[in-house]
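Trainee: give me coordinates for this.
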Amino acid sequence: MRQIDIEKVLTEKSALIDKAIEKYIPRRYDEDSLAHTLGPARYEYHVEALNKTIAEPLWEFLDRGGKRWRPSLFLLICEALSKDPKKFVDYAIIPELVHNGLLIIDDIEDDSALRRGKPCVHKLHGLDVTINIGNEMFYLPLLPLIKNRSKLPQSIVARIYEVYAQEMINVGFGQAMDVAWHRGLADADKVSERQYLQMCSYKTGTLARMAARMAGVLADADEDLIEKLGRFAEAVGVAFQIQDDVLDLTGKEFAEKKGGRGQDITEGKRSLIVIHTLAKAEPKDKRRLIEILNKHTTEQRLRGEAIDIMRRYGAIEYAKCLAQKVVKESWAEVDKLLPHSGAKEKLRAFANYLIEREI
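Mentor: Got it, this is the predicted structure:
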């Protein structure tokens, strides 16, 4: 079997996705693009104000990069379902823009300093501008559906809206669980592995599942396949989050972009690695790990001590193995339903890449 260069696939698809985003959200608004987005002004648009508070900060954030893996997953699924992905690329921007909006809001909630190696949006533009941008990024992605509704069967449009609404509900509930744990609003030290995986399937798996289900609906796949593709994508999202947690503790380049190794420790995050350690650790180590997590410390020495405790109980390796298992099991369901093709092999390689990456 030939080696598939997933980095190249992501780069190629990222260019398509960014071009599609610009089609609906220009880098600079003018009267015509505002009329296209909002309809003709009843009175008069203040173009400069909207560029300063929407277009400029939004594109500054998007231009920082990101893997664009969710819309790439969307396009790969379209291709695996024997459809021309270029015909559906406009809809691939939906999960990507929502994802970036969630990151912007998440950084406010965590009072994070850095994102993708630069100051967070709220640090650069203030809370008022940033909250508004984050909220807009939950609705701007619907423009492709609004503008192209006459080109699609109404049953498909309705189903896409249904998928979008349900997944957006899910993602908020996933975030709520995570916030409750690291804020101490619920007994985080008794969180089970299954509760963590449920949180993760909603917080991180949701947008991947959204991408996969939307791709399936647009490709007119049957409902059983759509749901199995959604489960597979959800598993990829969960595994991606677990790998993020691993890299936060072990990845040099990854950690540098976030502002140092162990940012999750500073947040007091109850990751799978922490949960496994708390379940296996001797009382003394368990007490010490909880103490460090509850300090929300930025001191690298204490972060290092917490990482050493987690390593002592094999928690990092355990998390890696579980991520691989989750993806393997969900792929087995999809594998039986998708016909053999080059696109299918790319899809499999894509999932493996996301859980083996180093950054």
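Trainee: which elements pack onto the helix or strand residue 318 falls within?
Mentor: When elements are assigned from DSSP states H and E, residue 318 belongs to helix 315-335. Applying 3 or more CB pairs under 8 Å, 6 or more residues apart in numbering; DSSP states H and E, one finds that helix 315-335 makes contact with helix 223-250, helix 272-280, helix 342-356. Bear in mind the C-beta positions are built from the backbone N, C-alpha and C, glycine included.
Trainee: redo these as JSON lines? Include distance to residue 42 and mean pLDDT.
Mentor: Shown next, in JSON lines, are the helices and strands packed on helix 315-335 (distance: least, CB to CB, whole Å; pLDDT from 0 to 100):
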{"stretch": "helix 223-250", "distance to residue 42": "41", "mean pLDDT": "93"}
{"stretch": "helix 272-280", "distance to residue 42": "52", "mean pLDDT": "95"}
{"stretch": "helix 342-356", "distance to residue 42": "46", "mean pLDDT": "86"}
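Trainee: out of the helices and strands in this protein, which is least certain?
Mentor: Taking mean pLDDT, DSSP states H and E as the measure, the helix or strand of the chain with the lowest value is helix 252-258, at a mean of 63.
Trainee: and for the helix or strand just after that helix, what's in contact with it?
Mentor: Moving toward the C-terminus from helix 252-258, the next helix or strand (DSSP H and E) is helix 263-266. Contacts of helix 263-266 with the rest of the structure, by CB atoms under 8 Å, 6 or more residues apart in numbering, involve 112, 245, 248-249, 255, 271, 292-293, 296-298, 302-303, 306-307.
Trainee: how about a cut-off of 6 Å?
Mentor: By CB atoms under 6 Å, 6 or more residues apart in numbering, the surrounding residues in contact with helix 263-266 are 248, 271, 296, 298, 303, 306.
Trainee: so which of those is the most crowded?
Mentor: Among those, residue 271 has the most neighbours (other CB atoms under 10 Å), with 26 neighbours.
Trainee: correct me if wrong: that residue contacts residue 245.
Mentor: Yes. Assessed by CB atoms under 6 Å, residue 271 is found in contact with residue 245 at 4.1 Å.
Trainee: who are the contact partners of residue 49?
Mentor: Contact partners of residue 49, counting by CB under 6 Å, 6+ apart, are absent.
Trainee: for the residue of the chain positioned farthest from its centre, helix, strand, or coil?
Mentor: The outermost residue of the chain relative to its centre, with distances by CA atoms, centre = their mean, is residue 43 at 38.5 Å. Secondary structure, DSSP: H, G, I helix; E, B strand; the rest coil: residue 43 is coil.
Trainee: now the longest helix along the chain and helix 223-250, what's the angle there?
Mentor: Across the chain, the longest stretch assigned as helix under DSSP state H is helix 154-183. Interaxial angle, helix 154-183 versus helix 223-250 (axes from the mean of the first three to the mean of the last three CA atoms, to 10 degrees): 30 degrees.
Trainee: average pLDDT for stretch 45-53?
Mentor: The average pLDDT for stretch 45-53 rounds to 98.
Trainee: follow-up on the earlier one: in the next helix or strand after the longest helix of the chain, what's buried?
Mentor: Next helix or strand after helix 154-183 toward the C-terminus (DSSP H and E): helix 193-203. Neighbour counts over helix 193-203 (16 or more other CB atoms under 10 Å) mark 196-203 as buried.
Trainee: got it, and stretch 156-168?
Mentor: Using 16+ other CB under 10 Å as the burial criterion, the residues of stretch 156-168 that qualify are 156-157, 159-160, 163-164, 167.
Trainee: go on, stretch 104-118?
Mentor: Buried residues in stretch 104-118, counted by 16+ other CB under 10 Å: 104-108, 110, 112, 114-115.
Trainee: which helices and strands does the helix or strand containing residue 93 pack with?
Mentor: When elements are assigned from DSSP H and E, residue 93 belongs to helix 89-110. In terms of contacts (3 or more CB pairs under 6 Å, 6 or more residues apart in numbering; DSSP states H and E), helix 89-110 is packed against helix 6-24, helix 69-80, helix 127-136, helix 205-218.
Trainee: give me the mean pLDDT for that helix.
Mentor: Taken as a whole, helix 89-110 has a mean pLDDT of 95.
Trainee: just put the helices and strands packed on helix 89-110 in TSV and tack on distance to residue 53 and mean pLDDT.
Mentor: Formatted as TSV, the helices and strands packed on helix 89-110 follow (distance: least, CB to CB, whole Å; pLDDT from 0 to 100):
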stretch	distance to residue 53	mean pLDDT
helix 6-24	18	90
helix 69-80	25	94
helix 127-136	5	97
helix 205-218	25	97
